[in-house]
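**Q** When you get a sec, could you give me coordinates for this:
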Amino acid sequence: MHAAYQRAHWQQSQPTRQLACTEQFVRPKRATLLQSQRSRVTALTGDDLSRLQEAAQLSQSLEGVTAPHPNASCILVSPAGQVVGQACQRAQGTSPSEVLAAQQAREAAKGATAYLNLETGDCHGDGSAVAALLAAGVGRVVVGLRHPLGHLRNKAILAFQAAGIDVSVLGEVPLSPNLDPAAAHQTLAACLASNEALLHRAVLKRPLSVLKYAMTLDGKIATAAGHSAWVSSPASRAVVFKARAGSDAVVVGGNTVRRDNPRLTTRRDSGHLPVRVVMSRTLDLPEDAALWDTQAAPTIVMTQRGARQSFQQHLRQRGVEVVEFDFLTPENVADYCYERGFLQVFWECGGTLAAPAIASGVIHKVLAFVAPKIIGGARAPTPVGELGNVEMTQAVNLLDTSWQQVGPDLMMTGYLPSSGGLLALESALSYPGNKAAAAAGAAAVAGAAGAGVYPSTSSSAVAGNVGSSSSSGTVTAGGSSQPGLQQLLQQRNRANGVRVITFYKAWDEWGALSNFSPHPICVLDRAAAGDSSSSSDSSSSSNTAAATSSGASSSSNS
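**A** As a prediction, the model looks like this:
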């Protein structure tokens with residue numbers, strides 16, 4: 001890896017230790033999700049699904065600007081069906097969407113329904129989002145997706161239920177009679193897509209890596225001479241600029257810098273500017289490139305230790321950040337981006353870099369454009385270099401693919417096996433520590449979507465919307481048997497495992513510390529809570545204090 005760093009681990013078990021200084025709401029003691037779900041269950045209506053889709057769309061209106069916060073929004077609808085308040089997370093460190101929506105609604109929020117594309121988080125460490133909705137007097141909360149981060153998952157839902165609020169979670173409560181299950185699956189897909197980057201980061205411990213390329217109908221990304229402006233249409237390039245603006249970093253290799261001299265900007269007057277990352281082992285790069293102009297956007301050059309020290313100094317004088325690795329590989333770069341706190345990385349490299357990035361499992365998603373052009377040429381470059389495949393059975397198959405026409409071009413998106421798709425990621429979070437159950441859960445939901453049925457945690461929902469439920473747990477859906485589906489669904493989100501916090505510089509896997517966070521972090525052990533503690537607990541506490549201190553020091557140096 002690159003420069004040496006300090007890393008501290010400690011285990012935190014609920015409720016003996018809590019990562020919080022103050023909480024404005026009380027968490028129910030020994031409450032389980034299954035017990036909570038038995039309290040009040042309101043079937044989802046067509047209007048509920050429409051509002052959730054609106055919330056998912058609203059949450060992405062400032063995509064990229066809100067990072068490292070997730071894409072979250074809140075829509076408040078009065079009992080009469082009128083929208084009385086709506087907001088999304090605006091930017092780093094700003095008020096949560098729930099607080100903003102409640103401020104808009106004022107007295108009209110009393111008895112209203114709050115629609116959240118994502119379970120309320122706690123980005124300020126004070127529970128203000130939950131407290132705002134409780135103080136506003138909302139009567140019901142509809143959630144599209146449980147929070148992907150482990151320390152926030154289920155926390156707000158349990159708090160709402162403990163306060164007597166009717167909580168409906170998509171996929172876990174029944175649908176109203178005669179409601180098309182396809183609408184529920186479309187709504188779930190929208191909620192998953194609105195935070196696909198956070199899902200990948202939470203499960204895979206890496207930022208979502210998207211490989212983008214544009215090719216001709218015969219599979220070429222440039223002519224044999226290297227000329228590539230332009231393969232795709234202006235409409236397709238506009239989609240790329242938008243995708244860049246929603247990313248934390250854009251990665252290219254040395255070949256792209258030498259041949260194309262790109263700027264890699266968003267072509268916008270304002271908004272989020274992603275970091276431009278150049279990977280080059282030898283630093284055989286031009287002295288004067290467009291990417292060295294850091295007035296347009298920040299640039300990081302990643303290289304191997306000791307490469308062209310004089311050129312490194314030249315880059316630093318231009319304002320370019322240089323990061324040295326012992327071995328420069330796509331895996332190390334992806335790990336560095338994760339530790340730096342990035343949610344999404346946009347790879348716009350050529351085939352030479354794309355091939356090892358795919359082979360190493362770094363790339364999770366492909367965004368490809370096919371232009372109605374033919375270039376020809378045996379030496380014309382292709383989007384992906386040598387992968388070592390000799391048989392068609394070795395080809396990498398994409399999942400959850402979709403096609404869309406953009407101008408004269410065709411745009412294709414799909415997930416690689418390294419990702420597994422959004423349903424698989426959500427299922428992994430729903431069944432923590434149980435890969436078999438997670439795989440079965442994802443397959444069950446996907447199978448239900450294909451069969452046009454709607455699986456739900458509620459047994460009455462399964463019986464009413466899927467088919468007949470037998471004592472053995474076999475659920476019949478459209479004539480096909482799905483053994484144990486009901487029992488499998490009821491196992492979701494019930495595990496309370498040991499939690500581990502990892503600090504690297506100024507970021508941790510919980511999202512508690514970052515270069516942008518001024519919030520204090522307190523870790524209380526048993527001794528602080530007045531309970532007896534062992535020597536191992538005392539040792540853990542001292543390590544915790546050291547890790548918190550080192551994280552603050554790194555933040556000031558970053």
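**Q** for the spatially closest residue to Ala72 that is not a sequence neighbour, phi and psi?
**A** Spatially, and ignoring its direct neighbours in sequence, Ala72 is nearest to Leu118 (4.7 Å; C-beta to C-beta, 6 or more residues apart in numbering). The way it works is simple: take the backbone N, C-alpha and C, and place the C-beta from them, glycine included. Leu118 adopts backbone torsions of phi -140, psi 140, taken as degrees, to the nearest 10.
**Q** ok, Leu118 to Arg140 distance?
**A** Distance of Leu118 to Arg140, given as C-beta to C-beta, to the nearest Å: 17 Å.
**Q** More neighbours: those two, which one.
**A** Leu118 (27 against 19; other C-beta atoms under 10 Å).
**Q** Might one say that the residue nearest to Ala72 is in contact with Cys191?
**A** Yes - using C-beta atoms under 8 Å, Leu118 is in contact with Cys191, at 7.2 Å.
**Q** shared neighbours, those two?
**A** The contact sets of Leu118 and Cys191 overlap at 144-145 (C-beta atoms under 8 Å, 6 or more residues apart in numbering).
**Q** Residues in contact with the helix or strand hosting Thr303: which ones?
**A** Assigned by DSSP states H and E, Thr303 belongs to strand 299-304. Under the criterion C-beta under 8 Å, 6+ apart, residues 249, 275-283, 285, 291-292, 312, 315, 319-328, 333, 336 lie in contact with strand 299-304.
**Q** same thing but at 6 Å, please
**A** For strand 299-304, contacts defined as C-beta atoms under 6 Å, 6 or more residues apart in numbering pick out 275-281, 283, 291, 315, 320-325, 328, 333.
**Q** Could you do stretch 78-92 as well?
**A** Against stretch 78-92 from outside (C-beta under 6 Å, 6+ apart): 58-59, 61, 65-66, 69, 72-77, 97, 100-101, 104-105, 108, 111-112, 516.
**Q** Which parts of the stretch 151-300 of the chain are helices?
**A** Shown for the stretch 151-300 of the chain, the helices assigned by DSSP state H, counting those that start in this stretch span residues 155-162, 181-194, 196-204, 234-245, 254-260.
**Q** Just name the most buried of these.
**A** Across the helices of the stretch 151-300 of the chain, averaging neighbours per residue (mean count of other C-beta atoms under 10 Å) puts helix 196-204 on top, at a mean of 24.
**Q** Run the chain-centre distance for that one.
**A** Computed by C-alpha atoms, centre = their mean, to the nearest Å, the chain-centroid distance of helix 196-204 equals 4 Å.
**Q** show me where pLDDT drops low in the stretch 201-350 of the chain?
**A** Scanning the stretch 201-350 of the chain for pLDDT under 70 picks out no residues.
**Q** how about the strand holding Thr303 as PDB, C-alpha atoms only?
**A** The C-alpha trace of strand 299-304 is given here as PDB (Å, rounded to 0.1, in the frame of the first residue of the first chain):
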ATOM      1  CA  THR A 299      -6.300  16.400  -9.700                       C
ATOM      2  CA  ILE A 300      -4.600  13.500  -8.000                       C
ATOM      3  CA  VAL A 301      -1.800  11.500  -9.700                       C
ATOM      4  CA  MET A 302      -1.300   8.000  -8.400                       C
ATOM      5  CA  THR A 303       2.000   6.300  -9.100                       C
ATOM      6  CA  GLN A 304       4.500   3.900  -7.700                       C
END
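**Q** Paired strands for that strand, with orientation please.
**A** strand 275-279 (parallel), strand 321-325 (parallel) (DSSP bridges).
**Q** wait, which of those is closest to Val384?
**A** Nearest of the strands paired with strand 299-304 to Val384, taken as C-beta to C-beta: strand 275-279 at 16.2 Å.
**Q** With just CA atoms, put the closest one into CSV.
**A** Presented in CSV, the C-alpha positions along strand 275-279 are these (Å, rounded to 0.1, in the frame of the first residue of the first chain):
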residue,chain,number,x,y,z
VAL,A,275,-11.6,14.7,-8.3
ARG,A,276,-9.7,13.8,-11.5
VAL,A,277,-7.4,10.8,-10.9
VAL,A,278,-4.6,9.7,-13.2
MET,A,279,-3.0,6.3,-12.8
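**Q** Quick one: residues contacting Asn117.
**A** 55-56, 59, 73, 144, 191, 194 are the contacts of Asn117 under C-beta under 6 Å, 6+ apart.
**Q** If you go by neighbour count, which of those residues are buried?
**A** 55-56, 59, 73, 144, 191, 194 (16 or more other C-beta atoms under 10 Å).
**Q** Out of those, list just those in helices.
**A** Per DSSP state H, helices hold the following members of the buried ones among the contacts of Asn117: 55-56, 59, 191, 194.
**Q** Switch those over to CSV; also include distance to Gln89 and pLDDT.
**A** Below are those laid out as CSV (distance: C-beta to C-beta, whole Å; pLDDT from 0 to 100):
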residue, distance to Gln89, pLDDT
Ala55, 12, 97
Ala56, 13, 96
Ser59, 7, 93
Cys191, 15, 96
Ser194, 11, 94
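**Q** coming back round to it: so which of the strands paired with strand 299-304 is nearest Glu172?
**A** Short answer: strand 275-279, nearest of the strands paired with strand 299-304 by C-beta to C-beta, at 38.1 Å.
**Q** got the angle between the closest one and helix 234-245?
**A** Counting by axes from the mean of the first three to the mean of the last three C-alpha atoms, to 10 degrees, strand 275-279 lies at 90 degrees to helix 234-245.
**Q** Show me what strand 275-279 is in contact with.
**A** So strand 275-279 is contacted by 249-253, 257, 264, 291, 297-302 (C-beta under 6 Å, 6+ apart).
**Q** top of those by neighbour count?
**A** Val251 (30 neighbours).
**Q** dump the residue contacts of the residue minimising distance to the centre of the chain.
**A** Centroid-nearest residue in the chain, with C-alpha atoms, centre = their mean: Leu198, separated by 1.5 Å. The neighbours of Leu198, taking C-beta under 6 Å, 6+ apart as the test, are 70, 148.
**Q** buried set for stretch 259-277?
**A** Buried residues in stretch 259-277 (16+ other C-beta under 10 Å): 260, 262, 264-266, 272-277.
**Q** Widest-spaced pair of these?
**A** Farthest pair in the buried residues of stretch 259-277, by C-beta to C-beta: Asp260 and His272, 22.9 Å.
**Q** And the buried ones among the contacts of Asn117, which is closest to Lys205?
**A** Ser194 (20.8 Å).
**Q** How about the secondary structure of His314?
**A** Judged by DSSP: H, G, I helix; E, B strand; the rest coil, the three-state class of His314 is helix.
**Q** list the contacts for it?
**A** Neighbours of His314 in contact, by C-beta under 6 Å, 6+ apart: none.
**Q** to the chain's geometric centre, what's the distance from stretch 240-257?
**A** Distance, centroid of stretch 240-257 to centroid of chain: 18 Å (C-alpha atoms, centre = their mean).
**Q** do the same with stretch 102-121
**A** Using C-alpha atoms, centre = their mean, the offset of stretch 102-121 from its chain centre is 23 Å.
**Q** Kindly report the same for stretch 361-377.
**A** 24 Å.
**Q** Equivalent analysis for stretch 80-98, please.
**A** Per C-alpha atoms, centre = their mean, the displacement of stretch 80-98 from the mean C-alpha position of its chain is 20 Å.
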